[in-house]
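Trainee: below are the sequence and a predicted model for it; my questions follow.
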Amino acid sequence: MLLRVIHLNVHRFANVAAGSSTSAAGSSTVGAVGAALSALHPDLVTLNEVDVAHMPGCLESVSTALSLPFVEFFGHVRGTYGNAILSRYPLSRRKAVHLEGGTEFRFPAGTRKFNGEIAKENEAHRIVRGLLITDVELPSGLRPLGVAVTHLDHMDVAQRRTQLRHIVREAGDGALLLMGDLNALTRSDYSDGAWRRLEERARERKWQLPQHGDLSILRDAKFEDVAVASGSEVQLTAPAMEPLYRVDYGWLRGGGAPGTAKTAPPGATITMEAARVHGEVLVSDHLPLVVDLQLGEAASGE
């Protein structure tokens, strides 16, 4: 059985990408996201930056457009902003947790915060991140597949490491597909010149210089980068119009590369067939990542 999983950071379903299929900045992309992802025929969709307060009814509309009737949402910020999983097959929520860590900063007194309130003197704000894990009840007697979605800290590699270690603890044992905007870089994805350009961009914007190595926490926990393990071409995902970074990933524990013989019993095998980015889909500030998994009997080795 082929299972197609699509991941997209939807940027609150608000248009930001110049030249996208929606026009005015800040206008709703709900219809455009539904139409674009429907053309890719997903069985599961994982989403970051879903804001059900800003775009009421967004998940219901996308679920209908994609014919994915089963929806789980974890609003880790005020109950209205967070991550979602949409599925063709029934979902049972395993857990939804606020991740440890997260960059802290202070708003100048008197400025308006993200929630609309006015900041007080010396008031600190922590960027909270969440993890949603579900079990997908698959047909044909296949075992349920664990699927998780998260969105990691974008400012500090030390905070991402804290969050990745927390994810590994929450993941438990068994097969699990982790999808999300991890805001982490893999050094081998970039030439020396491309890496220097990222460093220059960070200096110009007074950001932390790009770093790498934090994803080794997943590798040490037996997760594999689906794009690499499947032999797919590694592609950048953000910003959508002129991608510079690969930050959107699929990581799988308990799978194998195409052509790898598996010893697990029937119904327990997962083969990573492909992972690719669709650069023509301009409905957010990120491009969608499509992951194809073969479930059941693994492909025979030669």
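Mentor: Noted; the coordinates are in hand. All figures in this text were calculated on a predicted structure; none of them were measured in a lab. Residues are numbered from 1 along each chain as shown.

Trainee: and for T237, the neighbour number?
Mentor: Neighbours of T237 under the rule other C-beta atoms under 10 Å: 24. Just so you know, the C-beta spots here come from the backbone N, C-alpha and C atoms, and that holds for glycine as well.

Trainee: ugh, wrong one, I meant P139
Mentor: 10.

Trainee: now do it against M1, distance only.
Mentor: Using C-beta to C-beta, to the nearest Å, P139 is found at 8 Å from M1.

Trainee: can you tell me the element G193 falls in?
Mentor: helix 192-205 (DSSP states H and E).

Trainee: so which bits of that helix are buried?
Mentor: L198 (16 or more other C-beta atoms under 10 Å).

Trainee: nearest residue to the most centrally placed residue in the chain in space, ignoring adjacent ones along the chain?
Mentor: Centroid-nearest residue in the chain: G180, 1.4 Å away (criterion: C-alpha atoms, centre = their mean). Using C-beta to C-beta, 6 or more residues apart in numbering and skipping the chain neighbours, the partner closest in space to G180 is T150 (4.4 Å).

Trainee: with G255 instead?
Mentor: For G255, ignoring the flanking residues on the chain, the nearest one in space by C-beta to C-beta, 6+ apart is I270 at 4.0 Å.

Trainee: what's across from the one you found in the sheet?
Mentor: L295 (DSSP bridges).

Trainee: gap between it and L131?
Mentor: 21 Å.

Trainee: tell me where this structure has helices.
Mentor: In the chain, the segments counted as helices under DSSP state H are 30-38, 58-66, 157-171, 192-205, 216-220, 226-229.

Trainee: could you identify which of those helices is most buried?
Mentor: helix 226-229 (a mean of 22; mean count of other C-beta atoms under 10 Å).

Trainee: residues in contact with it?
Mentor: 232-235, 249-252, 255-257, 272, 275-276, 291 (C-beta atoms under 8 Å, 6 or more residues apart in numbering).

Trainee: now with 10 Å?
Mentor: The contact list for helix 226-229, computed with C-beta atoms under 10 Å, 6 or more residues apart in numbering, reads 5, 177-179, 186, 188-189, 223, 232-235, 246, 249-252, 255-258, 260, 271-277, 289, 291-293.

Trainee: try stretch 106-123
Mentor: By C-beta under 10 Å, 6+ apart, the list of residues contacting stretch 106-123 from outside reads 77-78, 81, 124-125, 127.

Trainee: coming back round to it: you'd agree the residue nearest to G180 is up against A84?
Mentor: No - using C-beta atoms under 10 Å, T150 makes no contact with A84, being 11.7 Å away.

Trainee: pLDDT below threshold where in the stretch 51-200 of the chain?
Mentor: By pLDDT under 70, the low-scoring segments of the stretch 51-200 of the chain are 113-116.

Trainee: about what we covered before: mutual contacts of P139 and M1, please.
Mentor: With C-beta under 10 Å, 6+ apart, P139 and M1 have common neighbours L295.

Trainee: the residue lying closest to T80 once chain neighbours are set aside: what's it in contact with?
Mentor: Of all residues beyond its chain neighbours, the one nearest T80 is A53 (4.0 Å), with distances taken as C-beta to C-beta, 6+ apart. When contacts are counted by C-beta under 10 Å, 6+ apart, A53 touches 12, 75, 77-81.

Trainee: what does P144 give?
Mentor: 89-92, 94, 134-138, 174-175.

Trainee: okay, those residues in TSV with neighbour count and distance to L218 next?
Mentor: What follows is the contacts of P144, written out as TSV (neighbours: other C-beta atoms under 10 Å; distance: C-beta to C-beta, whole Å):
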residue	neighbour count	distance to L218
Y89	18	25
P90	14	27
L91	20	23
S92	11	24
R94	18	18
T134	25	19
D135	18	20
V136	24	20
E137	15	25
L138	20	24
G174	13	15
A175	18	14
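
Trainee: name the nearest of the residues you listed relative to V16.
Mentor: Distances from V16 to those, taken as C-beta to C-beta, are shortest for T134 (28.3 Å).

Trainee: now that closest one: how far from L177?
Mentor: With the distance defined as C-beta to C-beta, T134 ends up 10 Å from L177.

Trainee: what of G256?
Mentor: From G256 to L177 the distance is 13 Å (C-beta to C-beta).

Trainee: just want to know which of those two has more residues nearby.
Mentor: Of the pair G256 and L177, L177 is the one with more neighbours under other C-beta under 10 Å, namely 26 against 22.
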